[in-house]
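S.K.: Please find the sequence and the predicted model below.
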4 protein chains.
Amino acid sequence: MSRGRYAAPMSYADTLGMRVLEATPERTRVALTVTAGGLNMHGTAHGGLLFSLADEAFALISNLEAQAVAVEMHLSFFRAARQGDKLVAVATPERVGRTLATYRVEVRRGEDGEVLALFLGTVSRRERGKDRKALTL
Amino acid sequence: MSRGRYAAPMSYADTLGMRVLEATPERTRVALTVTAGGLNMHGTAHGGLLFSLADEAFALISNLEAQAVAVEMHLSFFRAARQGDKLVAVATPERVGRTLATYRVEVRRGEDGEVLALFLGTVSRRERGKDRKALTL
Amino acid sequence: MSRGRYAAPMSYADTLGMRVLEATPERTRVALTVTAGGLNMHGTAHGGLLFSLADEAFALISNLEAQAVAVEMHLSFFRAARQGDKLVAVATPERVGRTLATYRVEVRRGEDGEVLALFLGTVSRRERGKDRKALTL
Amino acid sequence: MSRGRYAAPMSYADTLGMRVLEATPERTRVALTVTAGGLNMHGTAHGGLLFSLADEAFALISNLEAQAVAVEMHLSFFRAARQGDKLVAVATPERVGRTLATYRVEVRRGEDGEVLALFLGTVSRRERGKDRKALTL
């Protein structure tokens, strides 16, 4: 959205203006600022925008030590976000097993602000280097 | 993403290139085509893109006859989408109550293609014209 | 609950008085009648009772052609069940993949009555006879 | 299940042998011991049993300061429970709003043991004494 006229967006995270703040197996944080291009019919941030931010933090943390594909996610909405809000998604592991792992992601207003949405997601995973077969659902 | 250089995106649905195909209380359909700007780190469509499309169909159908805000969603991923795929989200009601309603959304590859993701979402709702108080969670 | 005084319950399904009505890979139906021993603090059927019935139909259908363990479930409540109601859980496949499968279960009041609860569940699965390794999460 | 032959079960919690260990708006804990009558076809604790325990802790905590009815729940399974295991469900609030509230429930093996299942549930609620209208979905 904010990219120059010659640069094609390279990824969905770029398209939505996401910035990775931290990426470790214990905690991953990704941020974006809500622009006019992120609003829904009510004039607040689209649910898809909050989900996308949470999903990016989830994808990052789950792929740090494994090859992972998302199986399912649950999202609860608590409060609306507005244009200009800086949103930060903070992902932490709930349980990491051999073939499945579940992560919790909080979408907060600001670094330490209130929780706007709570995301829970599960991946099917294969630890890197252990098995070369393609990971499919 | 595909907008000209002078036109600011007007909404999240515009940003992602969504097009409403149908909008009735019985069925709502919304489409988009996966571009480079919708891809994740694996080179397939970002989970947030599929969710956002489903969420838009869900927002449309739930607001046709009521003022509705999302409470929670669940998304199951079945198959990956790729660049160039036309995705269609088809929303139908599971149960519409007085203050809560639940909808099912299938994200399909093409109009009648295979289901890539299954979304289930619940809104808190107020029927239009019945109560003027603001709807808050 | 309804078992004679000498017979120990043999399973959770027996404890709750479940009866299998149909069990095919395309559709599984399990029934129970709500007794006093199934009520919650509000005097209606406990959410756990409806979930348990749905979960049994889900376990049956997912294990007919594979060895399957539950990964996650989602349950939406639409209407309350009362003492004396005959509940029927009807499970059907949403998507059956090689290593994961998702099923939908409706909990109905009577054979063709209204839907009281909607269950969606995912299993990790291994097709029978293909791989002898223990299936673990 | 463990009740004498003349005493009818008074509730679902009694039927499954649940014991309330703690009940405050900040934390509710409910326990049960897995018996033969709680097992599934694989010989481990039925998913419905774990869900029911979590749901009871959720019902208790959500009704302490309000009249609450369950809207939806999500459950992730991490590890199996076996006959003889003492299970403890620990419920804590994620977010309590005026008309909706979301709670997290961990089902643990023993008081401080590993988490076997993670439950997230949302209620529709009315604060006590504020509004006498019946609470319906």
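M.R.: That came in fine, so what should we check first?
S.K.: Could you check how many residues crowd around residue A:84?
M.R.: By other C-beta atoms under 10 Å in any protein chain shown, 9 other residues sit near residue A:84. No exception for glycine: its C-beta is placed from N, CA and C like everyone else's.
S.K.: So for it, what's the nearest residue that isn't a sequence neighbour?
M.R.: residue A:34 (6.4 Å; C-beta to C-beta, 6 or more residues apart in numbering or on different chains).
S.K.: that's a strand at residue A:30, yeah?
M.R.: Yes. Under DSSP: H, G, I helix; E, B strand; the rest coil, residue A:30 sits within a strand.
S.K.: going on from the longest helix along chain A, what's the next piece of helix or strand?
M.R.: Counting residues, the longest helix in chain A under DSSP state H turns out to be helix A:47-63. Toward the C-terminal end, the helix or strand that comes next after helix A:47-63 (DSSP states H and E) is strand A:66-77.
S.K.: Kindly calculate the angle that that following strand makes with strand C:66-77.
M.R.: 20 degrees (axes from the mean of the first three to the mean of the last three C-alpha atoms, to 10 degrees).
S.K.: I figured residue A:47 hits residue A:38, correct?
M.R.: No. Using C-beta atoms under 8 Å, residue A:47 makes no contact with residue A:38, being 10.7 Å away.
S.K.: if we can go back for a sec, which phi and psi values does the residue nearest to residue A:84 adopt?
M.R.: Dihedral angles of residue A:34 (phi, psi; degrees, to the nearest 10) stand at phi -70, psi 120.
S.K.: gap between it and residue A:82?
M.R.: According to C-beta to C-beta, to the nearest Å, residue A:34 and residue A:82 sit 7 Å apart.
S.K.: Then residue A:110?
M.R.: 12 Å.
S.K.: cool, residue A:65 as well?
M.R.: For residue A:65 relative to residue A:82 (C-beta to C-beta), the value is 36 Å.
S.K.: and if you look at residue A:67?
M.R.: 37 Å.
S.K.: between the two, which one's more packed in?
M.R.: The neighbour comparison of residue A:67 against residue A:82 (other C-beta under 10 Å) goes to residue A:67, with 18 against 12.
S.K.: who's the more buried one bridged to?
M.R.: residue A:126 (DSSP bridges).
S.K.: just checking, it touches residue A:101?
M.R.: No. Using C-beta under 8 Å, residue A:67 is not in contact with residue A:101; the gap is 11.6 Å.
S.K.: Next, show the common contact partners of those two.
M.R.: Taking C-beta atoms under 8 Å, 6 or more residues apart in numbering or on different chains as the contact rule, residue A:67 and residue A:101 both touch residue A:125.
S.K.: Name the residues of chain A found near chain D, please.
M.R.: A:74, A:76, A:78, A:94, A:95, A:97, A:102, A:115, A:118, A:120, A:122 (C-beta under 8 Å from any C-beta of the partner chain).
S.K.: And the buried ones among these, selectable in PyMOL?
M.R.: Buried residues within those, by 16 or more other C-beta atoms under 10 Å in any protein chain shown, are selected in PyMOL with:
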select buried, chain A and resi 74+76+78+94+95+102+115+118+120+122
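S.K.: Of the residues of chain A next to chain D, which is the nearest to residue D:59?
M.R.: Residue D:59 lies nearest to residue A:76 out of the residues of chain A next to chain D, by C-beta to C-beta, at 17.9 Å.
S.K.: OK, contacts around that closest one?
M.R.: Residue A:76 neighbours (C-beta under 8 Å, 6+ apart): A:117, A:118, B:71, B:72, D:94, D:95, D:102, D:120, D:122.
S.K.: tell me the average confidence for stretch A:118-137?
M.R.: Stretch A:118-137 shows a mean pLDDT of 77.
S.K.: no no, stretch A:64-73
M.R.: Here the average pLDDT along stretch A:64-73 is 96.
S.K.: Just name the shakiest helix or strand of chain A by mean pLDDT.
M.R.: The helix or strand of chain A with the poorest confidence is helix A:12-15; it has a mean of 94 (mean pLDDT, DSSP states H and E).
S.K.: which strands and helices sit next to it?
M.R.: helix A:47-63 (3 or more C-beta pairs under 8 Å, 6 or more residues apart in numbering or on different chains; DSSP states H and E).
S.K.: Is chain C within reach of the helix it packs on?
M.R.: No. Judged by C-beta under 8 Å from any C-beta, helix A:47-63 and chain C are separated, with a smallest distance of 14.3 Å.
S.K.: That helix to strand A:66-77, inter-axis angle?
M.R.: Using the same axes, to 10 degrees: helix A:47-63 against strand A:66-77 is 150 degrees.
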